[in-house]
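Novice: sequence unknown, structure follows:
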């Protein structure tokens, strides 16, 4: 293993092994991510063992502080050994770990100290699942306390949920560029089917491209390929095109607003931001989409955003 740290056969309380694992995780290599995911699988197993211990009445005459310490150490080692065989959880964690690797340090230190009561609360596990796995309670997010459901539910075509999730991003882009938020929300809703038709990468992750903006030669960011519908001389055709990909939905709104306000192609669009129908007509004339009915569809969706 080139960059990873083999945890098989190592003690669960091996601090040196932990430091090596944390250092390898910073490299963000596939091997390091896999090793860290295995360690978190061990943490989950340790939590289950601890819950089983807590649920068992301990009235043995040999039950004392020393025996409980030894039992905790034994559970940690059992968890490490069992997780080396794998339960399948490590594969799921590995897919998410690179996005939230900044939380590795605190959680791994908790695991080594045996403090599994705090694992899953404000930790990497929180970041992956969007909530405290031990309780059905709200957790802190970047914008204060929110229900866990608001963080983990994918966009599914529900117009009210889409509006709730994207309103803040649209408002932020509007403050920066002057493009009205309701126009951007409506266009994002039309292009993505209220989030149901998000452009997805081959591995199933979202590109967060809500506006269907293609990746032209001047685009220097991330790219995904997807099948799209184009109208050529009025005839509907399926094509595989390259699209821009973003790190967040907020970036998607910002990029769309910047594109509209900075490109000469959309000069007429910017001049018609005051009226929904004029905006929609100007957007179609600019060639933003090839659908011959794009203007009427866009105006209708924006109107739905406004009226709720």
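Specialist: In hand now; what should we look at? For clarity, every value in this text was computed on a predicted model and none was experimentally measured.

Novice: which stretches of the protein form strands?
Specialist: Counting by DSSP state E, the chain has strands at residues 139-141, 144-146, 222-232, 235-245.

Novice: residues in contact with stretch 266-275?
Specialist: Applying C-beta atoms under 8 Å, 6 or more residues apart in numbering, the contact partners of stretch 266-275 are 178-180, 183, 259-261, 278-279, 281-283, 285-286, 288. C-beta here means a position set from N, CA and C on the backbone, and glycine is covered the same way.

Novice: Show me what the mean pLDDT comes to for that stretch.
Specialist: For stretch 266-275, mean pLDDT rounds to 97.

Novice: now the strands of the chain in TSV, with mean neighbour count and mean pLDDT?
Specialist: Below are the strands of the chain laid out as TSV (neighbours: other C-beta atoms under 10 Å; pLDDT from 0 to 100):
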stretch	mean neighbour count	mean pLDDT
strand 139-141	14	39
strand 144-146	10	40
strand 222-232	14	80
strand 235-245	13	83
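
Novice: Please identify the buried residues of stretch 157-168?
Specialist: By neighbour count on 16 or more other C-beta atoms under 10 Å, the buried set for stretch 157-168 is 161, 162, 163, 165, 166.

Novice: go on, stretch 212-223?
Specialist: By neighbour count with 16+ other C-beta under 10 Å, stretch 212-223 contains the buried residues 212, 213, 215.

Novice: Can you tell me which of these is closest to residue 248?
Specialist: Lowest distance from residue 248 to the buried residues of stretch 212-223 (C-beta to C-beta) belongs to residue 213, with 14.7 Å.

Novice: do you know how far the spatially closest residue to that closest one that is not a sequence neighbour is from residue 308?
Specialist: The spatially closest residue to residue 213, leaving aside those adjacent along the chain, is residue 244, at 5.0 Å (C-beta to C-beta, 6 or more residues apart in numbering). Shown here: residue 244 relative to residue 308, a distance of 30 Å by C-beta to C-beta, to the nearest Å.

Novice: In this structure residue 196 contacts residue 159, no?
Specialist: No. Counting by C-beta atoms under 8 Å, residue 196 does not reach residue 159; the two are 10.2 Å apart.

Novice: Just the residues contacting stretch 289-302, thanks.
Specialist: 182-183, 185-187, 189-190, 212, 230-232, 234, 276-277, 279-281, 283-284, 288.

Novice: Please spell out the PyMOL selection for the buried subset of the residues you listed.
Specialist: Buried subset of these, written as a PyMOL selection, criterion 16+ other C-beta under 10 Å:
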select buried, resi 182+183+185+186+187+189+190+212+276+279+280+281+283+284+288
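
Novice: what bits of the protein have low per-residue confidence?
Specialist: The chain contains residues with pLDDT under 70 at 1-37, 40, 49, 53-66, 68, 79-90, 92-152, 232-233.

Novice: how's it carved up into domains?
Specialist: 15-136, 159-307 (automatic domain parsing).

Novice: Might you report the residue contacts of the residue nearest to residue 213?
Specialist: Residue 244 sits in contact with 207, 209, 213, 214, 215, 219, 221, 222, 223, 255, where contact means C-beta under 8 Å, 6+ apart.

Novice: Swap in 10 Å and give it another go.
Specialist: With contact taken as C-beta atoms under 10 Å, 6 or more residues apart in numbering, residue 244 is in contact with 199, 207-209, 211-216, 219, 221-224, 251-252, 255-256, 259.

Novice: still on that earlier bit, list the ones among the buried residues of stretch 212-223 that fall in helices.
Specialist: Among these, none falls in helices (DSSP state H).

Novice: would you turn the residues you listed into CSV with distance to residue 172?
Specialist: Below are the buried residues of stretch 212-223 laid out as CSV (distance: C-beta to C-beta, whole Å):
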residue, distance to residue 172
212, 20
213, 18
215, 23
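
Novice: and which of those is nearest residue 304?
Specialist: Taking C-beta to C-beta as the measure, residue 304 lies nearest residue 212 of those, at 18.6 Å.

Novice: Please report how far that closest one lies from residue 224.
Specialist: In terms of C-beta to C-beta, residue 212 sits 12 Å off from residue 224.

Novice: Show me the common contact partners of these two, please.
Specialist: Between them, residue 212 and residue 224 share these contacting residues under C-beta under 10 Å, 6+ apart: 199, 241, 243, 244.

Novice: Quick check: the two most widely separated of those residues?
Specialist: Greatest spacing in the shared contacts of residue 212 and residue 224, by C-beta to C-beta: 241 and 244 (10.8 Å).

Novice: Overlap in contacts, the two.
Specialist: Listed as contacting both residue 241 and residue 244 by C-beta under 10 Å, 6+ apart are 199, 212, 214, 215, 224.

Novice: Now do the contacts for the second one.
Specialist: If you count contacts by C-beta under 10 Å, 6+ apart, residue 212 has them with 187-188, 190-192, 197, 199, 226, 228, 241, 243-244, 256, 288-289.
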